[in-house]
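Chemist: Sequence and predicted structure below; questions after.
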Amino acid sequence: MELIRGLYNLRPRHHGSVVTIGNFDGVHQGHQVILSQLQAAGVALGLPDTVMIFEPQPQEFFQGDEAPARLMHWRDKVDALAAAGVARVLCVRFDEKFRALTARQFVQQLLVDGLGCRHLVIGDDFRFGCDRSGDFSVLQAAGDEFGFAVNNTDTVMVDDDRVSSTRIRMALSAGDFAQAARLLGRPYTISGHVTHGDKIGRTLAVPTANIPSRRRVSPVHGVYAVTVEGVAAAPVFGAASVGKRPTVHGLDERVETHLLDFSGDIYGKRIRVEFHHKLRDELKFNSLDELKTAMQKDIAETRQYFNI
């Protein structure tokens, strides 16, 4: 898969493609059906498929920390799109200059001049342009003018309701990881490279593998029973805390995972933490001794949950 980072990296060879546009946050079951539609159109026309995404996501640009929790860091999103067989991902920087584009400029600069779009797969609720005047009917008219087809995306239902990133966030917030997995089409995970932390866990005899959350807002907060891939040949059981560590006055949000029955140097390794069960909310304790007692209880409950 080819990752095109920014409109300025578009080249003449990128001209002529089938295109879809969206956040693709989570690359969930609904997104996967859109990708199948896109790839089918590409095969029929003999053209590469291109997925256009935005960084930051538009709601993050407009709402900042009040934006909905992101399901995926952009790197994980790109990896998931590659795994789905996408040929090209165009990652567009959503900044003030981009926000100021009119609907007409959006079509002309991105779809026509930039990508030479021949077929567009898009939701009928998609809005674009600085005044949000661009909609499905505007795209259909542009397709007639510039010679590209416009097809609506198929709706995917699970449990008689539409699959959406919002539903997944609700399931994660409720600790319903089975439902989240049904909607995503795979278990919910957070990935990242293990970094050096404050070493507080080590002083409490509960060392942790730490990865930055890399999100303005996380869809999960608290302590969880997890499995971790990337540290051994088989997944390793663990107890993971996601949050800002209020007991030690932490500022940045992290995923800190104590790996059960494991020792070894894993700094710098890329790991994937899969969430299975919520143990408790994140709490502020009065002392490190209280924190240590709680962590030991979390580990015991994790062993009980996994029956190990």
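Modeler: Right, received. Where do you want to start? Numbering: from 1, shown residues only.
Chemist: who's the residue nearest to Ser191 when sequence neighbours are not counted bridged to?
Modeler: Once flanking residues are discounted, Ser191 sits nearest to Arg272: 4.5 Å by C-beta to C-beta, 6 or more residues apart in numbering. Where you see a C-beta, it was placed from the backbone N, CA and C, and this is true even at glycine. Assessed by DSSP bridges, Arg272 has beta-bridge partners Ser191, Glu229.
Chemist: quick one: contacts for Arg272?
Modeler: For Arg272, the contact set (C-beta atoms under 8 Å, 6 or more residues apart in numbering) comprises Thr189, Ile190, Ser191, Val228, Glu229, Gly230.
Chemist: Touching, the second one and Ser213? I think so.
Modeler: Yes. At 7.3 Å, Ile190 counts as touching Ser213 under the criterion of C-beta atoms under 8 Å.
Chemist: Now do the residue nearest to Ser191 against Thr247, distance only.
Modeler: Distance of Arg272 to Thr247, computed by C-beta to C-beta, to the nearest Å: 27 Å.
Chemist: burial of Ile4, as a residue count?
Modeler: Residues near Ile4, counting by other C-beta atoms under 10 Å, number 19.
Chemist: Look up which residues are beta-bridged to it.
Modeler: With DSSP bridges as the rule, Ile4 is bridged to Leu90.
Chemist: So it is in contact with Ala87, correct?
Modeler: No. Ile4 lies out of contact with Ala87 (C-beta under 8 Å); the separation is 10.9 Å.
Chemist: what domains does the record give for this protein?
Modeler: Annotated domains of the chain cover 2-161, 188-306 [automatic domain parsing].
Chemist: lowest-confidence stretch among these?
Modeler: Sorting the domains of the chain by mean pLDDT places domain 188-306 lowest, at a mean of 88.
Chemist: May I have the distance across it, first residue to last?
Modeler: 17 Å (C-alpha to C-alpha, to the nearest Å).
Chemist: Equivalent analysis for stretch 231-240, please.
Modeler: Start-to-end, stretch 231-240 (C-alpha to C-alpha) is 15 Å.
Chemist: in that stretch, what's buried?
Modeler: Along stretch 231-240, these residues count as buried under the neighbour rule (16 or more other C-beta atoms under 10 Å): Val231, Val236, Phe237, Gly238, Ala239, Ala240.
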